[in-house]
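**Q** Pasted the sequence and its predicted model underneath.
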Amino acid sequence: MPRAFKIAPSILSADFTRLGEQVRDIEAAGAELIHVDIMDGHFVPNISFGPMVVEAVRRVTKLPLDTHLMIEQPERYLKAFVDAGATMLTVHVETCPHLHRSLSEIKALGIAAGVALNPHTPFEMIRDVLAAGVVDRVLVMTVNPGFGGQSFLGFTLPKVAQVRRALREAGRAAEIAVDGGVDPSTAPHAVAAGADVLVAGNALFRAAGGLRAGMQAIQDAVARSDESLTRA
């Protein structure tokens with residue numbers, strides 16, 4: 001039986017002249033959550049948007065807003081994003097010298113807490129917070145963060161398996177997500193490695209048949225891969 005996974009459309013790839021319409025398209029396509037990338041031009045070289053856009057998206061959807069803070073000093077802005085309607089805040093281990101405190105503050109604000117790892121960052125950087133039970137999701141970056149449309153870095157996949165083993169050993173439950181370069185050719189590898197959530201942008205919003213077709217292409221690719229493994 002194929003392992004269940006979620007697809008999280010990243011609105012970084014959306015057409016911002018039609019953002020409300022595209023958020024509704026995400027709902028109509030059957031997505032269970034929306035991924036919102038926040039970039040500050042310091043931690044990553046790009047600038048995206050802030051709490052005001054999160055608030056605008058919240059006004060047109062009830063779907064969970066999975067808000068990814070690719071910013072320096074994220075602790076300064078946690079409450080602002082929660083007030084704007086974020087359902088989960090994910091911070092980067094690379095920007096949080098007091099990671100346990102930052103994750104605990106997110107949970108104290110009443111929402112889910114996630115921690116992200118850049119491709120070069122070793123899994124060991126989060127082992128302690130996984131064991132402490134303050135993490136609801138681990139986001140393994142499968143590209144260097146900052147821009148959409150990058151190629152999937154396959155060398156990051158063993159980190160997904162490491163996280164899965166560490167959670168099992170610690171007796172903790174948390175989702176594992178991958179973000180970057182996810183499309184029908186890479187999604188099966190991510191799911192096989194243990195990913196529960198696939199963050200995808202261009203593969204969905206620029207799919208030839210539209211967002212629904214893009215989601216279906218990823219789901220079909222994973223299903224075909226599962227069938228091949230079963231037959232083998």
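**A** It's in.

**Q** partners of the residue nearest to Pro74 when sequence neighbours are not counted in the sheet?
**A** Spatial nearest neighbour of Pro74, chain neighbours left out: Val91 (4.6 Å); criterion: CB to CB, 6 or more residues apart in numbering. All C-beta atoms are positioned from the backbone trio N, CA, C, and that covers glycine. Per DSSP bridges, the residues bridged to Val91 are Leu69, Val115.

**Q** My understanding was that Val91 contacts Glu72; is that so?
**A** No: between Val91 and Glu72 there is no contact under CB atoms under 8 Å: 10.6 Å.

**Q** Looking only at neighbour counts, state which of those two leads.
**A** Val91 (24 against 15; other CB atoms under 10 Å).

**Q** pLDDT-wise, which helix or strand of this structure ranks last?
**A** helix 211-231 (a mean of 84; mean pLDDT, DSSP states H and E).

**Q** Strands of the chain, start to end?
**A** Counting by DSSP state E, one finds strands in the chain at the ranges 6-9, 34-39, 65-70, 88-92, 112-117, 137-141, 175-179, 197-200.

**Q** rewinding a little: now do the contacts for the residue nearest to Pro74.
**A** 69, 74, 99, 102-103, 106, 113-116 (CB atoms under 8 Å, 6 or more residues apart in numbering).

**Q** Closest one to Ala84 out of those residues, please.
**A** Distance to Ala84 across these (CB to CB) is lowest for Leu69, with 12.2 Å.

**Q** The closest one: what's it in contact with?
**A** Leu69 neighbours (CB under 8 Å, 6+ apart): 38, 77, 81, 89-92, 95.

**Q** Neighbour-wise, give me the winner out of the residues you listed.
**A** Thr90 (29 neighbours).

**Q** Just give the nearest non-adjacent residue to that one, would you?
**A** Gly114 (3.3 Å).

**Q** from what I can see the one you found touches Ala86, true?
**A** No: here Gly114 lies out of contact with Ala86, judged by CB under 8 Å, at a distance of 10.7 Å.

**Q** neighbour count winner among the two?
**A** Per other CB under 10 Å, whichever of Gly114 and Ala86 has more neighbours is Ala86, with 28 against 25.

**Q** residues touching that one, list them.
**A** Ala86 touches 36, 54, 65, 67, 111, counting by CB under 8 Å, 6+ apart.

**Q** And those, which two are furthest apart?
**A** Val36 and Ile111, at 13.0 Å, using CB to CB across those.

**Q** So for the two, which sits in the more crowded spot?
**A** Comparing Val36 with Ile111 by other CB under 10 Å, the one with more neighbours is Val36, at 27 against 20.
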